[in-house]
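[1] Based on what follows, work out the 3D shape:
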Amino acid sequence: MPEDPATMTETSLYDRIGGAATIDALVDSFYARMDQLDEARTIRAMHPQDLAPLGQVLKDYLSEWLGGPALFSPVRGHPRMRQRHMRVPIDSAARDAWLLCMRGALDETVADEQARAAIDESMARLADWMRNVPDKEGPDMEPAETTISQN
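    Numbering: from 1, shown residues only. All right, here's what the predicted structure looks like:
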């Protein structure tokens, strides 16, 4: 079973995956997939046109979350991820689209299989916890009008 990032104390996941360079590549690949994949259209619509500012926020968050430099909390405070995303409707389809993009990015950028599995497992739990609206079915689904902010 993959280890949880919080319990890996000998060498941080941040260091195991290659530090800032890998975090940068991971986030860049994630947002590229969000732009390119038809399956990600719904979640792409939840984001502003310019993804660069959010990309930096995600890089800062992942750096700290994976045991690297604390770049997120000194600037933005406690992550409060669910609270920060509450204004954005996240259902199972949005969760799955997000995970599709992130898993592809992880596969592309993280060579250490155990580290990749540990990150994936934790991200899957986080993505599932982020769901905040019931699942809708049918052709009347409309894209979210609200976007994710940099805060």
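
[2] ok now do the residue positioned nearest the centre of the chain, which residues does it touch?
    In the chain, the C-alpha nearest the mean C-alpha coordinate belongs to Met102, at 6.3 Å (C-alpha atoms, centre = their mean). Neighbour list for Met102: Phe30, Asp120, Met123, Ala127 [criterion: C-beta atoms under 8 Å, 6 or more residues apart in numbering]. (C-beta placed from N, C-alpha, C; glycine too.)

[3] switch the cut-off to 6 Å
    Counting by C-beta atoms under 6 Å, 6 or more residues apart in numbering, Met102 touches Phe30, Met123.

[4] Quickly find the element holding it.
    Assigned by DSSP states H and E, Met102 falls within helix 92-109.

[5] Show the pLDDT at the residue nearest to the centre of the chain.
    The model reports Met102 with a pLDDT of 97.

[6] hmm, back to that, can you spell out which helices and strands pack onto the helix or strand following the helix holding Met102?
    Going down the chain from helix 92-109, the next helix or strand is helix 113-129, by DSSP H and E. Using 3 or more C-beta pairs under 6 Å, 6 or more residues apart in numbering; DSSP states H and E, the elements in contact with helix 113-129 are helix 13-17, helix 92-109.

[7] Just want the angle from helix 113-129 to helix 92-109.
    160 degrees (axes from the mean of the first three to the mean of the last three C-alpha atoms, to 10 degrees).

[8] least trustworthy helix or strand in the chain by mean pLDDT?
    Least confident helix or strand, the chain: helix 81-85 with a mean of 67, by mean pLDDT, DSSP states H and E.
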